[in-house]
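A.B. asks: Just a sequence and a predicted model for now, questions to come.
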Amino acid sequence: ALKKNDLTESQREQVDILVDSGQTLLVLLNDVLDMSRIEAGKIELAPTPTTLKDMIERVINTYGSLLDGKDVMLRYELDENARAPMTFDVLRVYQCLSNLVSNALKFTEKGTVRILASATPSLETLTNAEKGRYAWIRLEQRHGTAVLPDISLIDMKAHPPEKGPNGETRWLSDTLVGDILATLKRGEQTLLFLNRRGYAPLVLCKACGEKMTSPKTDSWLVEHRTSGRLVCHLTGFSMKKPKTCPHCGAQDSLISVGPGVERILEEVHSRFPEARAEVFSSDTTPDAASSASLIKRIEDNEVDIVIATQAAAKGHNFPNLTLVGIVDADLGLKGGDLRAAERTFQLLAQATGRAGRKLKPGRAVLQTYTPEHPVMQALQHQDRDAFYAYESMSREVAKFPPYGRLAALILTAKDQNLLNRFSRELALFIPNTEGVDVYGPADAPLALVRGQWRKRFLVRADRNRDLQAFVSHWLAAIKRPNAIRLVVDIDPYSFL
């Protein structure tokens, strides 16, 4: 964690501004900024983020939960076109963050009314509302005459997409294709939602099975066919797609596995050659101007089919868009995130809500291999309360948030043997405390990032236990080697 002793006197003043509210927001910033060293008033960053705006957004997205239970509003203002160098001035970074927090504090003064508005609130917020900590005002219907879209599920096990004329894999089922054709005939618009950028999430060699990964990182390289490059969305590394396998040297052996929005666009052009189709993602709309231009084209009916990531899932209102097709509804359910089901429900509920927002009725179709999953059933029947009741019961049985608290310990080091040895030693010093469980050590899902090996512990504590005191007591019992970095994440939202 970043300590005040690492900073100059003027920098410490900036830190004091940030913690005036009694919340130490800087404890976790090392993980966000990925600092490797602090020297002469500068922070040296990894290749991403490349702008201060990106960095502040990552702080909000990753650690906005620190303020969630305290009813604060997060807001920031930065020059949209400002490009910062690879090294950021510490004071400028802290000033941006202090402005964010000071704006939040304006809304926490006594007597100020705070409104938390969402169609898909977090389970923690709903629990606070149910317990009377928050007043709860429910909007039972859409604005005006618009009604919620009809939602249906397509079981992809029973109705898999047929191969293309040349034997190529396709990703849109016949049912969804038929719905798109009917929508086009009516002169209406379709949104195909897939929360995966690029052309394919994995490139591998069909000769030796080698998977293309980022250097010294356990992250697959995503193929971006429009640019002809393989890109790591974690580290920012990119390279031109090679013609031979770097591992075995086989010629033209690299194949694309799985779909991204670019691949869905390719299929749309093949199946609906007369339709005007565009991709809506952070790659195609990298700034406010390009985003506004695409939104206007959609609003002006200059686009028939929109293939989009989460960039188009929330907040947009396209009057003539009446069909939403979810290409892979199961995508967000994969992985070890305890909030995977909740986040999937929230994202898909928002995405399907883009259909039929004006006078014309809307329809949404979800392609899934698990139609029996509680998330899919809740979406189909538009029964948010049933899903949250199921999710709440599951969390309460496991004593996971909001019925318990979590802390993540992330250990990183260049020396894998040293990391393994110390993590095993650290496990021997876990205090025996009733109401507290410790899981690990285990390799992080991303076990290697930029040459740094990563191990994780997860601490679960009952609500009546002092989680911070437990972690502090545990860590004080053993000296950590200087070559190993430790980050403690209280109430984590990321489990990578």
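C.D. replies: Here it is on my side, so go on. Numbers count the residues shown, from 1 in each chain.
A.B. asks: Name the spans of this structure whose pLDDT lies under the cut-off.
C.D. replies: 1-114, 141-146 (pLDDT under 70).
A.B. asks: Of all the strand elements in it, which one is longest?
C.D. replies: Ranked by number of residues, the top strand in the chain under DSSP state E is strand 436-449.
A.B. asks: Please identify the buried residues of that strand?
C.D. replies: Burial within strand 436-449, assessed by neighbour count using 16 or more other CB atoms under 10 Å, is assigned to 436, 438, 440, 441, 443, 444, 448, 449. All C-beta atoms are positioned from the backbone trio N, CA, C, and that covers glycine.
A.B. asks: Surely the fifth one and residue 454 touch.
C.D. replies: Yes. With contacts defined as CB atoms under 8 Å, residue 443 counts as touching residue 454 at a distance of 7.3 Å.
A.B. asks: Show the contacting residues for residue 295.
C.D. replies: Going by CB atoms under 8 Å, 6 or more residues apart in numbering, residue 295 touches residue 316.
A.B. asks: Same question for residue 426.
C.D. replies: Residues counted as contacts of residue 426 (CB under 8 Å, 6+ apart) are 411, 441, 457, 478.
A.B. asks: mind checking which helix or strand it is in?
C.D. replies: helix 416-428 (DSSP states H and E).
A.B. asks: Distance check, residue 462 against residue 477.
C.D. replies: To residue 477, residue 462 is 22 Å away according to CB to CB, to the nearest Å.
A.B. asks: more crowded one of these two?
C.D. replies: residue 462 (15 against 11; other CB atoms under 10 Å).
A.B. asks: isn't residue 212 right up against residue 204?
C.D. replies: Yes. Using CB under 8 Å, residue 212 is in contact with residue 204, at 6.8 Å.
A.B. asks: Need the overlap of contacts for those two.
C.D. replies: Jointly contacting residue 212 and residue 204 under the rule CB under 8 Å, 6+ apart are residue 254.
A.B. asks: contact partners of the strand or helix carrying residue 230?
C.D. replies: Per DSSP H and E: residue 230 is located in strand 229-231. By CB under 8 Å, 6+ apart, the list of residues contacting strand 229-231 from outside reads 198, 203, 212, 221, 222, 223, 224, 237, 238, 239, 240, 241.
A.B. asks: Look at the second one and give its secondary structure.
C.D. replies: Classification of residue 203 into helix, strand or coil gives strand, according to DSSP: H, G, I helix; E, B strand; the rest coil.
A.B. asks: and it, what does it touch?
C.D. replies: Contacts of residue 203 by CB under 8 Å, 6+ apart are 211, 212, 220, 221, 223, 230, 241, 254, 255, 256, 257.
A.B. asks: one more time with 6 Å
C.D. replies: 212, 223, 254, 256 (CB atoms under 6 Å, 6 or more residues apart in numbering).
A.B. asks: Select from these the one having the most neighbours.
C.D. replies: residue 223 leads the contacts of residue 203 on contacts (other CB under 10 Å) with 27 neighbours.
A.B. asks: Wait, that one touches residue 200, no?
C.D. replies: Yes. The pair residue 223 / residue 200 is scored as a contact, 4.5 Å apart, by CB atoms under 6 Å.
A.B. asks: so what sits against both of these two?
C.D. replies: residue 256.
A.B. asks: What about residue 432, how many residues nearby?
C.D. replies: 5.
A.B. asks: got it, and residue 347?
C.D. replies: There are 20 residues near residue 347, going by other CB under 10 Å.
A.B. asks: Next, it: secondary structure please.
C.D. replies: When classified by three-state DSSP, residue 347 comes out as helix.
A.B. asks: Excluding chain neighbours, what is closest to residue 439?
C.D. replies: Distance criterion CB to CB, 6 or more residues apart in numbering; nearest residue to residue 439, sequence neighbours excluded, is residue 458 at 4.5 Å.
A.B. asks: I figured the one you found hits residue 438, correct?
C.D. replies: No. Using CB under 6 Å, residue 458 is not in contact with residue 438, being 7.3 Å away.
A.B. asks: Report all helices and strands that the longest strand of the chain contacts.
C.D. replies: Strand 436-449 sits against strand 452-462, with contacts defined as 3 or more CB pairs under 6 Å, 6 or more residues apart in numbering; DSSP states H and E.
A.B. asks: following the strand it packs on, which helix or strand comes up?
C.D. replies: Moving toward the C-terminus from strand 452-462, the next element (DSSP H and E) is helix 467-475.
A.B. asks: quick check, distance from that next one to the centre of its chain.
C.D. replies: Counting by CA atoms, centre = their mean, to the nearest Å, helix 467-475 is centred 29 Å from the centre of its parent chain.
A.B. asks: again with stretch 431-439
C.D. replies: Centroid displacement of stretch 431-439 relative to its chain, using CA atoms, centre = their mean, is 30 Å.
A.B. asks: and if you look at stretch 195-205?
C.D. replies: Relative to its chain's centre, stretch 195-205 lies at 17 Å (CA atoms, centre = their mean).
A.B. asks: now the helices for the stretch 301-450 of the chain?
C.D. replies: Using DSSP state H, counting those that start in this stretch, the helices of the stretch 301-450 of the chain run over 340-352, 374-380, 384-398, 416-428.
A.B. asks: Hmm, residue 195 is touching residue 308, no?
C.D. replies: No. With contact defined as CB under 6 Å, residue 195 does not reach residue 308; the gap is 8.7 Å.
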